[in-house]
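>>> Kindly generate the corresponding structure for this input.
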Amino acid sequence: MGAVAGKVALITGASSGLGRHFASVLAREGATVVVAARRVAMLDDLVAHITASGGTAQAHVLDVTAPAQSLADSVAEIADRCGGLDILVNNSGIAVTKPMLEQTEDDWDRVMNTNLRGAFFLSQAAARLMRVAGRGGSIVNVASILGLRQAGGIAPYAVSKSGLIQLTKLLALELARDSVRVNAIAPGFIETDLNADFFATEAGHALKRRIPQRRLGQPSDLEGALLLLCSDASAYMTGSVLAVDGGHLVSTL
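This next block holds a predicted model:
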């Protein structure tokens, strides 16, 4: 039996990167996964990959910046189709990298709506269903160590992730009596196809040298935290933020 066998999990931002990996991990561990994003072709490819590996997956086209009622309708539709919802992984996220003096109103709004607003309203919709079902559930927010430390050129992203960490704690407090646990993973610098070119540059090598473990994380390094927080192994954990960063947060100044 897998760590999340028999559970239904919704993963946002699942068409690529960490979301795609998280969906594959939860499916491997026995969950029925609903992969959600805007890019239909990539979702279909992921469903085919999971199914071919023996897992169970469905695709759901979802824009996390949609109106709150639309998000609630999507969550209700997924729960109705799958017989409930046990896990929500709020993974959708974007960044706009440029100096603070060059950030626009549109930059700010796009990042906040995707990284923070969407997570709130999806969590609200999921928690309502979990409370009515009476079997509890787990909400996992994918934050970042940049919500806990500072770096230049990413002000909206860092603020959104800091807000997501605080949101995790606030929701954990309000939902604890309904047996809905809310926790967060705060990854450090994880190597993906999107950032591989940067980390091959001298600036990328310099950043790696500032990580105490002297290496980038791999998506597989996040699996332990993900499965802990999604499974009953963390039944007495809520409001926790797990940094998975090679020691970056405790590095010397």
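
>>> mind listing the strands in this structure by residue range?
8-12, 32-37, 56-61, 87-90, 137-142, 180-187, 241-244 (DSSP state E).

>>> elements contacting the first one?
When contacts are defined as 3 or more CB pairs under 8 Å, 6 or more residues apart in numbering; DSSP states H and E, strand 8-12 sits against helix 17-28, strand 32-37, helix 68-82, strand 87-90, helix 118-133. Any C-beta I mention is one placed from the backbone N, CA and C, and that applies to glycine too.

>>> contacts for that strand?
19, 22-23, 26, 31-37, 60, 62, 64, 75, 78-79, 82-92, 118, 122, 126, 230 (CB atoms under 8 Å, 6 or more residues apart in numbering).

>>> circling back: save the strands of the chain as a markdown table, and put in mean pLDDT and distance to residue 159 too.
Shown next, in a markdown table, are these (pLDDT from 0 to 100; distance: least, CB to CB, whole Å):
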| stretch | mean pLDDT | distance to residue 159 |
| --- | --- | --- |
| strand 8-12 | 98 | 20 |
| strand 32-37 | 98 | 23 |
| strand 56-61 | 98 | 28 |
| strand 87-90 | 98 | 16 |
| strand 137-142 | 98 | 15 |
| strand 180-187 | 98 | 15 |
| strand 241-244 | 98 | 16 |
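
>>> Dump these into TSV; add mean neighbour count and distance to residue 202 as well.
Rendered in TSV, the data for those read as follows (neighbours: other CB atoms under 10 Å; distance: least, CB to CB, whole Å):
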stretch	mean neighbour count	distance to residue 202
strand 8-12	28	34
strand 32-37	28	33
strand 56-61	18	40
strand 87-90	28	34
strand 137-142	26	29
strand 180-187	25	23
strand 241-244	19	26
